[in-house]
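Novice: Only the shape, not the letters, is given here:
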């Protein structure tokens, strides 16, 4: 079955710097890749997603890139702020599989003022 | 519009006890999911449903059962709780497959 690996497990940056989180997936049929942000004690919340027919997607300070050949996708956060501190999860799913998401292990991002 | 609501929020059980977690969504979503979240392991899918009256197994279904008698509700049951089932349980719903999933606030379950 699908396997999603996420790196790094922890990431510490200074406010204003950029942060990059990378994920690799094993099933080449996967075609939907969401990213979730989870603050301590809260629910996971979708921040951005990308489908396999698109190579890059941006939403203000957040962007996601997808390399289907290498089977990896990355989350880029620019101009980081303390409120970006949270755990970020990548996930993958494919068509006709009930929308089952396979999640990475998570990255704990800490943005220091 | 409450979105996805989970009850209860916290529960402590003794080994061997049974209980049911309730998930309710008011977004008219077809698909619903139960995940468990353990430290360092991300979220893992337990069971899911693609419509009223349907259920299917996810990655870690053993020890759990589910039912979807009404479109808006998805129940997760533990027949005989074990300490290994201590976790935070999240319910999610989606309009259809490969669409954004909306999560509830979670149920923190401890089994002694």
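Specialist: Done, it's in. If you're wondering where the values come from, they're calculated on a predicted model, not measured in any experiment.

Novice: From here on, just use CA atoms for contacts and neighbour counts.
Specialist: Fine.

Novice: Can you name the residues of chain A sitting close to chain B?
Specialist: Residues of chain A lying close to chain B by Cα under 8 Å from any Cα of the partner chain are A:32, A:34, A:42-46, A:89, A:93-106.

Novice: Show only the entries of those residues found in strands.
Specialist: When DSSP state E defines the strands, the subset of the residues of chain A next to chain B inside them is A:32, A:34, A:45, A:46, A:89, A:102, A:103.

Novice: Of the residues you listed, which is the most crowded?
Specialist: Using other Cα atoms under 10 Å in any protein chain shown as the neighbour definition, those reach their maximum at residue A:103, which records 27 neighbours.

Novice: Which residue, other than its chain neighbours, is closest to that one?
Specialist: In space, residue A:103 comes closest to residue A:91 once its chain neighbours are excluded; the distance is 4.2 Å by Cα to Cα, 6 or more residues apart in numbering or on different chains.

Novice: One more: residue B:38?
Specialist: Computed as Cα to Cα, 6+ apart, the closest residue to residue B:38 that is not its neighbour in sequence is residue B:87, at 5.8 Å.

Novice: doesn't residue B:42 make contact with that neighbour?
Specialist: No. The criterion here is Cα atoms under 8 Å, and residue B:87 misses it with residue B:42 at 11.5 Å.

Novice: Around chain A, which positions in chain B sit nearby?
Specialist: Those residues of chain B that sit near chain A, judged by Cα under 8 Å from any Cα, are B:31, B:40-45, B:48-50, B:58, B:90, B:96-106.
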